[in-house]
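# Next one to model:
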Amino acid sequence: MSEIQGRQYIGGARSALGQAVLESHAALDGAPYPVKFFEATHAEVQAAAASAARAYPAYRHLSAAARADFLDAIADEIDALGDDFIAEVQRETALPAARLAGERGRTSGQMRLFAKMLRRGDWYGARIDRALPDRQPLPRPDLRQYQIGLGPVAVFGASNFPLAFSVAGGDTAAALAAGCPVVVKAHPGHLVTSEGVADAIGRAAARCDMPAGVFNLVYGGNAVSAWLVQAAPIRAVGFTGSLQGGRALFDLAAARPDPIPVFAEMSSINPVIVLPQAQQARAADIARDLAASVALGCGQFCTNPGLVLLLRTPHSGAFIEALRTALQSQAPQPMLHGGILANYRSGTQRLRQTAGIATLVSGHDEQRAAPHLFVADKALLLSGAATLQEEVFGPSTVVVELDGEAELLAAIAHLHGQLTATLIGESAELPHYRAVLAALEEKVGRVLFNGFPTGVEVCDAMVHGGPYPATTDARGTSVGTLAIARFLRPVCYQNTPDALLPPALQDANPLGLLRLVDGAPTREPITPAR
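Numbering: from 1, shown residues only. You can find the predicted model right below:
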């Protein structure tokens, strides 16, 4: 890795005006890194936002191909971050080297996926309704619509994915693809990692001769977060993290003189429903795989399955016992930092002390998170109480037994919005639960069958979102190419001379786009209607 400076990235230069300093710590032993990171001042946050605003006109008018080349260059620079970089990220986060190498590939891969989408051109959303001058009782003007970037976007790095949801993560990739410069606030849990990735983006920007200010990064705490969201040039916010943090940013953005959208991915318990025939046919296998999903990455995934719903059968007890055995065999693991471990212990203690909840698996380790399994009285869920709905971020899950489909539907009705829900069943029984599927569609962004929600494929069809509190806006996704839609807005041209139209809307269709012309999709050039 290059020498760490601990200074803000503003308009292609480094800045350290403040006196307050931050430290990064090794996750396993808490040892501080020798380098100090300067917390951004209010003036520096304003300067970063202003830098992004100055870059916006030039950057958004670059061709899609030029922006795609920039994203590909970022991907190349991230791939070039070598074993020494992975070793530092491992020290800072306690995540295994193999996991981090895979996450590095996912981070570069999503940049390349957005580059491919830019070259494909469907993101323009080009629609043309040609003039109908002879229409009665009134003529129709020539109307043409496409999408442009909103403007500078504030991105907040996530704690649990130091690469894929952080400085060069999905929010940054989507915003840059949309033509929006970014101001990233580094997560305080991995400052060294953030600087290494920021350097990679800076090298890519220089290689591609991008406008100064297309990428900016600041360090700091809650005050810096508030200043950034309230900075006048910022047009949207991307966030992945806690419900408390995301809601605070949402409220700040709504209180601005000019409110802006906040796309925050926050809290989810991702229910897994195990149907009767599946319990009977493959209880041990389901329990083993479910326990592995709960413990994967020490449970530090927003798709971690935190609630298991069983339809009560003579086999339910055997399934719960198999899950208890499987989860008890999972060893304690280190968490990303001490704050997450403290919150996990607080969450599991809250469940242990709640009437109506029995603890089947628990443990204690001074520096690691031990798996937990709870069984809760169904009344806690069917009453709509918040107890079981609060996410416990870590390797913990709660089982609730329900009597019949009617109670299952009632339980789903009481669930808050979720990122995912999973149905595990045999092929013969699944068709009988169409009503359950319909109910889940209203609650979640992704429905899985006979799988587990940990692991989110980065592709065109993926939805990583859902109704509140899973996100602040259920119409979007933070993973996959549809994520670009969060940072775009439509613009309509009426009776505009062809030479003044953007290429995506010109008669000749110079970009070769598939466009909706008079209600029909076509790639053909058009002539104005007479």
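# Buried residues in stretch 11-18, which are they?
Gly11, Gly12, Ser15, Ala16, Gly18 (16 or more other CB atoms under 10 Å). All C-beta atoms are positioned from the backbone trio N, CA, C, and that covers glycine.
# now the residues you listed in JSON lines, with distance to Ala231, secondary structure and pLDDT?
Formatted as JSON lines, these follow (distance: CB to CB, whole Å; DSSP: H, G, I helix; E, B strand; the rest coil; pLDDT from 0 to 100):
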{"residue": "Gly11", "distance to Ala231": "14", "secondary structure": "coil", "pLDDT": "97"}
{"residue": "Gly12", "distance to Ala231": "18", "secondary structure": "coil", "pLDDT": "95"}
{"residue": "Ser15", "distance to Ala231": "15", "secondary structure": "strand", "pLDDT": "97"}
{"residue": "Ala16", "distance to Ala231": "19", "secondary structure": "coil", "pLDDT": "95"}
{"residue": "Gly18", "distance to Ala231": "16", "secondary structure": "coil", "pLDDT": "92"}
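# Against Leu150, how distant is the residue positioned nearest the centre of the chain?
Most central in the chain under CA atoms, centre = their mean is Ser478, positioned 3.9 Å from the mean C-alpha point. The gap separating Ser478 from Leu150 is 16 Å, by CB to CB, to the nearest Å.
# same question, Glu265
18 Å.
# Same question for Gly241.
21 Å.
# same check, this time on Thr454
From Thr454 to Leu150 the distance is 32 Å (CB to CB).
# Then Val392?
35 Å.
# where along the stretch 201-350 of the chain do the helices fall?
222-230, 243-254, 276-295, 316-328, 338-352 (DSSP state H, counting those that start in this stretch).
# average pLDDT for the last one?
Yep, that's helix 338-352 we're talking about. The pLDDT scores in helix 338-352 average 94.
# just use 11 as the starting number from now, easier for me
Okay, using 11 as the starting number, the last item reads as helix 348-362.
# contacts for the next helix-or-strand element following that helix?
Heading C-terminal from helix 348-362, the first helix or strand you meet, by DSSP states H and E, is strand 367-371. Strand 367-371 has contacts (CB atoms under 8 Å, 6 or more residues apart in numbering) with 330, 334, 337-338, 361-362, 381-387, 390, 397, 408.
# mind redoing it with 7 Å?
Contacts with strand 367-371, where a contact means CB atoms under 7 Å, 6 or more residues apart in numbering, come from Arg334, Leu337, Gln338, Leu361, Arg362, Pro381, His382, Leu383, Phe384, Val385, Ala386.
# Derive a ChimeraX selection command for the buried subset of the residues you listed.
In ChimeraX, a selection of the buried entries from these looks like this (16+ other CB under 10 Å):
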select :334,337,361,381,382,383,384,385,386
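# Hmm, Ser272 is touching Leu259, no?
I think there's a mix-up here, since residue 272 is Val and not Ser. Yes - using CB atoms under 7 Å, Val272 is in contact with Leu259, at 5.4 Å.
# Report the set of residues contacting both of these two.
Taking CB under 7 Å, 6+ apart as the criterion, Val272 and Leu259 both touch Val247, Phe249.
# A helix includes Asp94, no?
Yes - counting by DSSP: H, G, I helix; E, B strand; the rest coil, one finds Asp94 located in a helix.
# what's stretch 21-39 in contact with?
Contacts for stretch 21-39 (CB under 7 Å, 6+ apart): 15, 17-18, 41-43, 46-51, 53-54, 61, 101-104, 198, 200-202, 222-223, 226, 229, 344, 346-347.
# Among these, which lie within helices?
Ala53, Glu54, Ser61, Arg101, Glu102, Thr103, Leu201, Val202 (DSSP state H).
# can you pick the most crowded of those residues?
With neighbours taken as other CB atoms under 10 Å, the top of these is Thr103, carrying 27 neighbours.
# got a list of what that residue touches?
So Thr103 contacts Ala37, Pro172, His200, Leu346 (CB under 7 Å, 6+ apart).
# For the first one, which non-adjacent residue is closest in space?
Think Ala37. Distance criterion CB to CB, 6 or more residues apart in numbering; nearest residue to Ala37, sequence neighbours excluded, is Ala104 at 3.5 Å.
# quick one, phi psi at the one you found?
phi 70, psi 10 (degrees, to the nearest 10).
# Help me confirm that it comes into contact with Leu346.
Yes - contact criterion CB under 7 Å: Ala104 and Leu346 qualify, at 6.5 Å.
# neighbour-wise, which of these two wins?
More neighbours surround Leu346 than the other of Ala104 and Leu346, with 23 against 19 (other CB under 10 Å).
# and the more buried one, how far is that from Thr407?
For Leu346, the distance to Thr407 - CB to CB - is 19 Å.
# Likewise for Leu361?
When Leu361 is compared with Thr407 (using CB to CB), they lie 10 Å apart.
# what does Leu201 give?
Taken as CB to CB, the span from Leu201 to Thr407 is 32 Å.
# re the thing from before, nearest to Ala136, out of the helices of the stretch 211-360 of the chain?
helix 253-264 (29.9 Å; CB to CB).
# by contact count, what packs against that closest one?
helix 232-240, strand 246-250, strand 272-275 (3 or more CB pairs under 7 Å, 6 or more residues apart in numbering; DSSP states H and E).
# just so I know, which of the ones you listed lies nearest Ala448?
Of all the helices and strands packed on helix 253-264, strand 272-275 comes closest under CB to CB, at 24.4 Å.
# list the buried ones in the closest one?
For strand 272-275, by 16+ other CB under 10 Å, it's Val272, Phe273, Ala274, Glu275.
# for stretch 313-330, same thing?
For stretch 313-330, by 16+ other CB under 10 Å, it's 313-323, 325-326, 329-330.
# quick one: Thr481 from Glu113, how far?
22 Å.
# my bad, should have said Pro281
26 Å.
# and what of Leu148?
In terms of CB to CB, Leu148 sits 57 Å off from Glu113.
# what's His382 sitting at in phi/psi?
According to degrees, to the nearest 10, His382 has phi -130, psi 140.
# close enough to count as contact, it and Thr358?
Yes - contact criterion CB under 7 Å: His382 and Thr358 qualify, at 4.8 Å.
# which residues are common contacts for the two?
The contact lists of His382 and Thr358 share Ser406, where a contact means CB under 7 Å, 6+ apart.
# show me what contacts the residue nearest to the centre of the chain?
Gly180, Asp181, Thr250, Phe273, Glu275, His474, Gly475.
# can I assume the last one sits in a strand?
No - per three-state DSSP, Gly475 lies outside any strand segment and is coil.
# Next, find the distance separating the closest residue to Ala305 other than its chain neighbours from Ala104.
Excluding its sequence neighbours, the residue lying closest to Ala305 (CB to CB, 6+ apart) is Gln340, at 4.0 Å. Using CB to CB, Gln340 is found at 16 Å from Ala104.
# For Ala368, name its beta-bridge partners.
Beta-bridge partners recorded for Ala368 (DSSP bridges): Val385.
# mind giving me JSON lines with the buried residues of stretch 21-28 and columns for distance to Phe497?
Formatted as JSON lines, those follow (distance: CB to CB, whole Å):
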{"residue": "Gly21", "distance to Phe497": "21"}
{"residue": "Gly22", "distance to Phe497": "22"}
{"residue": "Ser25", "distance to Phe497": "26"}
{"residue": "Ala26", "distance to Phe497": "30"}
{"residue": "Gly28", "distance to Phe497": "29"}
